[in-house]
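> give me coordinates for this.
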Amino acid sequence: MKHSKPSALPQALASGFAGALVLTAIHETARRISPDAPRMDVLGMRGLRKIIDKAEAPQPNTDTLFNLTMAGDILSNGLYYSLVGRSKKAWGRGALLGLAAGIGGVVLPGPLGLGDAPSSRTPQTKLMTVAWYLLGGLAAAGASRLWSRAAKK
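Numbers count the residues shown, from 1 in each chain. So this is what the prediction gives:
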C-alpha cells in the first residue's frame, strides 16, 4: 500500500510553534534572573497598549495585558517561524529567520515608538535579543527535521 505524502502545513505550523515556545521560555526565564535580559514582554505590552488606545477601547489591567501579549507573541512568532517549512534547507532558513527577527528586535522598537531600552539597553541585551531569536529559529528547524525523519519511518 502506497502512503500519501502528508501536507506540509501541519509540519510547518507545529515546527513554528515549537520555535516560538522555545523563544518565549528563554525570554521569560532569563528576565527573571538577569538584569540585562531583553524585555520583549515590555515591548509587546507597549505595542498592544498603543493598538488598544488607537481603537479607543478600554485598557486592560496589567495582568490581562501581559497574558494577551504572551498569547500574541506565541501566535505571531509561531506563524513567523512556520516559514521554516518542510525542507532540507530548514536549518539555514531557521537561522536566517531567527537572525532577521533578532536584529529587528534590536533595531525596530525605537523607530516604532516603543523605546530602545527593553532590547538595546546594554551590549549584552542586544546580543541576547539576537541570540534568542536565532535559537527560536533553530528550534523550529530542528522540530521540522525531526518531523520529517519521523514521517519517513
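> from Leu48, how far off is Thr69?
Separation of Thr69 from Leu48 (CB to CB, to the nearest Å) stands at 6 Å. For the C-beta atoms, the positions are set from N, CA and C on the backbone; glycine is no exception.
> compare the two (neighbour count), which wins?
Neighbour count, other CB atoms under 10 Å: between Thr69 and Leu48, Thr69 has more, with 21 against 18.
> need the contact list for the more buried one.
With contact set as CB atoms under 8 Å, 6 or more residues apart in numbering, Thr69 has these partners: 41, 44-45, 48.
> over to Gly113?
Applying CB under 8 Å, 6+ apart, the residues contacting Gly113 are Lys50.
> regarding it, what is its secondary structure?
Classification of Gly113 using DSSP: H, G, I helix; E, B strand; the rest coil returns coil.
> look up phi and psi at it.
phi 80, psi 20 (degrees, to the nearest 10).
> with Gly44 instead?
Phi and psi for Gly44, reported as degrees, to the nearest 10, are phi -60, psi -40.
> go on, Pro58?
phi -70, psi 140.
> quick one: neighbours of the closest residue in space to it that isn't next to it in sequence, just the number.
Nearest non-adjacent residue to Pro58, counting by CB to CB, 6 or more residues apart in numbering: Ile52, 7.8 Å away. Neighbour count for Ile52, taken as other CB under 10 Å: 15.
> can you check Pro123 too?
Other residues close to Pro123 by other CB under 10 Å number 9.
> likewise His27?
Neighbour number of His27 under other CB under 10 Å is 22.
> and Arg39, by the same measure?
The burial count for Arg39: 19, using other CB under 10 Å.
> what's the helix or strand for the closest residue in space to it that isn't next to it in sequence?
Of all residues not flanking Arg39 in the chain, Pro118 sits nearest, at 3.9 Å (CB to CB, 6+ apart). Element membership for Pro118, per DSSP states H and E: helix 117-120.
> list the contacts for the residue nearest to Arg39?
38-40, 42-43, 109.
> tell me the contacts of the residue lying closest to Leu97 once chain neighbours are set aside?
Distances taken as CB to CB, 6+ apart put Gly137 closest to Leu97, at 4.5 Å, once the chain neighbours are dropped. Under the criterion of CB under 8 Å, 6+ apart, the neighbours of Gly137 are 19, 81, 84, 93-99, 101.
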